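Chemist: coordinates only, no sequence provided:
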């Protein structure tokens, strides 16, 4: 909230439910953060991102969120302050200096816990409504169970799927065509 | 006490993997002791599944009396543990679980300083969050001054009963509230005492978290009590068959027909033998007349047997359809009836599509199994056994030869069938996506045309269409290639019988005759056909029993909001409502209403205001008893709402919602929905009071106008007025208006407002509206923020002091100005 808004609130007078027309409010606009304007650092122990924008005060406990986590994961990253208010949006992480980029990436790594599947070790249909998957992911090996593909698999374009297991965990298969032949064969047996 | 959803049948074989003090392994306790945590101080251990660097790994969040700690295996796969991060409760200001995408992170805070303790995926985070929710209640208990404040707020507003404005609260209050905001975060109690520790452990039993099968460890689907792997199909089948109990005489008839039919099917090959050995290739000297007599007798017997078989097949098919369809109808009916009894919370947790699939899809699947599955399985087993017995009796050597390729046939059929099915599953998936795209495009045709995106839609559909073509070709090609191969393999027995049987005839071994050979050739397909069928039965059976389990799961769910056995009749509610320290959360560890205390006189109109998510709709849901409070009491005319007969309560509460749902039917039927006995005059009068009569009469069919699916042929304002007419006809003592005038233009709003004023007269009314002007008739306004009652008073009182309400009024004023400018 800006100082101006605080002041306006503090001076607010009793008003009636049928108020007189007031001045039109400001149009909300995205604050685009320019290269060189963002200096970020990551505190790993606290899992905390601290960001200084321009010459302003350093914001602690900043949340970073991707606008397009599926289609453009390194672009359009929004920074929000500890209260959840937008601080600005970065068009591309590539525009940041190396240290800041690493810090924001670390924050995103904590926020996005969905593992990316690179290879499929096995898919076993234990029962008609129960499939066991053994996969290698960006976060290590994992065994999970799903219902039938109809319930568990969502297509995200021609080459990408997202699988949801019985516990509600999501697994991202970012590129089926880039998987090894055996993995693709196993997947094609059920999809 | 709130009631919980637990299945009545003893099928809850799940464990939530949260370890109680007595269940924690010794190795873990040793690691904790080594880190300075006494064994008897450990209360529970909660499983988590991510390491500090976000990789999948075993972790445990241990809650002790005076701290939390994270425990992990000493090395990968080791049974030994070591203790990692620890956070004593002393000086702790928050245990903050931050939900992330696909999991969450636990942060321990000490003022400004914070430390990451644990990460977990969604599989674990419900347990971690649940346990933390309970722990916080003990670490940061409600302070006496908070309780006093709540008591103050509990007092009914002065003059409320007489409808006079309540007295404004003390002038210093806003300043006090400011001070409260500035307070530093409270520190946790340094430890949980013996009593608190005991209660905390008891509370862990209430958590609704991820369950895992005790037997196989497979996770249960959310809110499911069934392990898809360990369901006992035999037990489920018995339960399904019990449903067929009312049709017992048909079942017995069916069994008799099946046995008779199977025995009869064994007769024709015997006739072939006679035909060959006595008429066509006589094995003893005989005349032509005798041969011809045998020929015609055999053919006559054959035709007769076939005729009787046809009759039996017809009867068998008709009876099995009758049983299947009746059981399926009963099951659908019972499921739907039970769904109607379940609480709204159940529907919050289950998608409508999934429930529809259970009521119709699973029941249909079961019907298919009862009609075809049971029948064919029974017939196949009987036939295979009978044929085998006959073959061995006639010639055991040939019989062995016939059975020789059986294992190969079963194996090949299974393998090939699996491959074929995977191709067809893919085809069904592709067709389903094409169907969804078609549905999307046709339902959204107005948007498509408005934006001129026809070409884009054509191209999108083309892609699905092409994919369908490819999938069809793949599936059908697989079928066309592999089925002849299966048939070839199934013919192996025949080739062997020809070869050895022919050899034995030529050599004159064992007295084998051409008739014997022909008889064996007749029996061989009767053996291999059922074997092929039986290879599919297991999968079919399991699938059907899973479908049955999914239905039984609904039938076994007890309503959360059930009628109390000692419920009292309240045919005439006056309308006084009291909230006494009411707390409620859809997820029990995340309260949406917190310690609400309020006293409302009969006939008062209460306006509920607050930002989205403040708890306004939840408050009125509690009054309607769509949910029960987790803590505290809600009283109507001094009686706990849980002790009032549900039918009496619902009959005297009327609701007008933002999203008015109109059922398919006529306008008359929709208005009379709450009072089916209403006369035409009553419906017309109600519509007139609701300012709906005019637009109804403007329609060619007046009150007989058909309402299309979801009321699509009525505008938002028209639907609202029909809903108000419905509520007027219902004539409730307590009325709930939830955003009843949103999304309509000013003129329509005026008309609706007029109707509402007529409707609210003399009734206790709760109105929720973002447009504060809608609440101008309210005797008191209740300001809600994040589930707490922040302020109560008249519009004048609330707007005269700083606070949420004045902010809302200011925001409202600005919005009206924008509307005025843009309009």
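Modeler: Good, I have the coordinates. A quick note: this is a predicted structure, and the numbers were derived from the prediction, not measured.

Chemist: would you mind checking which helix or strand in chain B has the lowest mean pLDDT?
Modeler: Least confident element among the helices and strands of chain B, by mean pLDDT, DSSP states H and E: helix B:173-182 (a mean of 45).

Chemist: for the next helix or strand after it, name the packing helices and strands.
Modeler: Next in sequence after helix B:173-182, counting helices and strands by DSSP states H and E, comes helix B:194-203. Packed against helix B:194-203 by the contact rule (3 or more Cβ pairs under 8 Å, 6 or more residues apart in numbering or on different chains; DSSP states H and E) you find strand B:42-50, helix B:122-139. Placement of C-beta: from N, CA and C, glycine included.

Chemist: swap the cut-off to 6 Å and go again
Modeler: Applying 3 or more Cβ pairs under 6 Å, 6 or more residues apart in numbering or on different chains; DSSP states H and E, one finds that helix B:194-203 makes contact with helix B:122-139.

Chemist: got the domain ranges for chain B?
Modeler: Domain segmentation of chain B under automatic domain parsing yields B:1-10+B:228-394+B:542-559, B:17-140+B:188-210, B:145-185+B:576-652+B:738-745+B:760-823, B:422-486, B:661-731.

Chemist: so which of the ones you listed is nearest residue A:59?
Modeler: Among these, domain B:17-140+B:188-210 comes nearest to residue A:59, with 13.2 Å by Cβ to Cβ.

Chemist: give me the distance from the closest one to the chain's centre.
Modeler: Chain-centre distance of domain B:17-140+B:188-210: 31 Å, with Cα atoms, centre = their mean, to the nearest Å.

Chemist: now tabulate the domains of chain B in TSV and tack on distance to residue B:405 and mean neighbour count.
Modeler: As requested, the domains of chain B are exported to TSV (distance: least, Cβ to Cβ, whole Å; neighbours: other Cβ atoms under 10 Å in any protein chain shown):
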stretch	distance to residue B:405	mean neighbour count
domain B:1-10+B:228-394+B:542-559	14	16
domain B:17-140+B:188-210	46	18
domain B:145-185+B:576-652+B:738-745+B:760-823	59	18
domain B:422-486	12	14
domain B:661-731	57	18
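
Chemist: where among those domains is the average confidence lowest?
Modeler: Lowest mean pLDDT within the domains of chain B: domain B:145-185+B:576-652+B:738-745+B:760-823, at a mean of 74.

Chemist: residue B:457 against residue B:441, yeah?
Modeler: Yes. When contacts are counted by Cβ atoms under 6 Å, residue B:457 is listed as touching residue B:441 (4.9 Å).

Chemist: return the set of residues that bridge with the residue of the stretch 551-700 of chain B found nearest chain A.
Modeler: Residue nearest to chain A within the stretch 551-700 of chain B (Cβ to the nearest Cβ): residue B:607, separated by 10.2 Å. Beta bridges link residue B:607 to residue B:767, residue B:781, judged by DSSP bridges.

Chemist: I'd say it and residue B:775 touch.
Modeler: Yes. Contact criterion Cβ under 6 Å: residue B:607 and residue B:775 qualify, at 3.5 Å.

Chemist: and the strands in chain A, which stretches?
Modeler: A:32-33, A:38-43, A:48-53, A:58-66, A:75-80, A:86-92, A:117-127, A:130-137, A:140-146, A:153-155, A:161-164, A:170-173 (DSSP state E).

Chemist: and the first one, what other elements does it pack with?
Modeler: The one in question is strand A:32-33. strand A:86-92.

Chemist: before we move on, back to that, would CSV of the domains of chain B with distance to residue B:404 be doable?
Modeler: Conversion of the domains of chain B to CSV gives the following (distance: least, Cβ to Cβ, whole Å):
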stretch, distance to residue B:404
domain B:1-10+B:228-394+B:542-559, 12
domain B:17-140+B:188-210, 48
domain B:145-185+B:576-652+B:738-745+B:760-823, 62
domain B:422-486, 18
domain B:661-731, 61
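
Chemist: now the residue of the stretch 551-700 of chain B closest to chain A: how far from residue B:780?
Modeler: Distance, residue B:607 to residue B:780, by Cβ to Cβ, to the nearest Å: 7 Å.

Chemist: same check, this time on residue B:219
Modeler: Distance, residue B:219 to residue B:780, by Cβ to Cβ: 49 Å.

Chemist: same question for residue B:647.
Modeler: Residue B:647 is 30 Å from residue B:780, where distance means Cβ to Cβ.

Chemist: and if you look at residue B:680?
Modeler: From residue B:680 to residue B:780 the distance is 39 Å (Cβ to Cβ).

Chemist: wait, which of the domains of chain B is closest to residue A:162?
Modeler: domain B:17-140+B:188-210 (10.5 Å).

Chemist: hey, which helix is longest across chain A?
Modeler: Longest among the helix segments of chain A by residue count, using DSSP state H, is helix A:98-111.

Chemist: just want the angle from it to strand A:38-43.
Modeler: Counting by axes from the mean of the first three to the mean of the last three Cα atoms, to 10 degrees, helix A:98-111 points 60 degrees away from the direction of strand A:38-43.

Chemist: who does helix A:98-111 touch, helix- and strand-wise?
Modeler: Where contact means 3+ Cβ pairs under 6 Å, 6+ apart, helix A:98-111 is packed against strand A:38-43, strand A:58-66.

Chemist: let's go with 7 Å and repeat that
Modeler: strand A:38-43, strand A:48-53, strand A:58-66 (3 or more Cβ pairs under 7 Å, 6 or more residues apart in numbering or on different chains; DSSP states H and E).

Chemist: buried residues, it. List them.
Modeler: Of the residues in helix A:98-111, A:100-101, A:103-111 count as buried by neighbour count, 16 or more other Cβ atoms under 10 Å in any protein chain shown.

Chemist: I'd like those as TSV, with pLDDT appended.
Modeler: Output for these, formatted as TSV (pLDDT from 0 to 100):
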residue	pLDDT
A:100	95
A:101	95
A:103	96
A:104	96
A:105	95
A:106	94
A:107	94
A:108	93
A:109	90
A:110	90
A:111	90
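
Chemist: weakest of the strands of chain A in terms of mean pLDDT?
Modeler: Comparing mean pLDDT over the strands of chain A, the weakest stretch is strand A:153-155, at a mean of 84.

Chemist: so chain A: which segments form each domain?
Modeler: Following automatic domain parsing, one gets these domains for chain A: A:31-111, A:117-188.

Chemist: can you measure across the first one, start residue to end residue?
Modeler: In other words, domain A:31-111. In domain A:31-111, first residue to last residue: 22 Å (Cα to Cα, to the nearest Å).

Chemist: just give me how far it sits from the chain centre.
Modeler: On Cα atoms, centre = their mean, the centre of domain A:31-111 falls 12 Å from the chain's centre.

Chemist: swap in the shortest one?
Modeler: Centre-to-centre, domain A:117-188 and its host chain are 21 Å apart (Cα atoms, centre = their mean).

Chemist: okay, how far is it across it, tip to tip?
Modeler: Length of domain A:117-188, first residue to last, Cα to Cα: 15 Å.

Chemist: can you tell if stretch B:439-459 touches chain A?
Modeler: No. Stretch B:439-459 stays clear of chain A (Cβ under 7 Å from any Cβ of the partner chain), getting no nearer than 13.7 Å.
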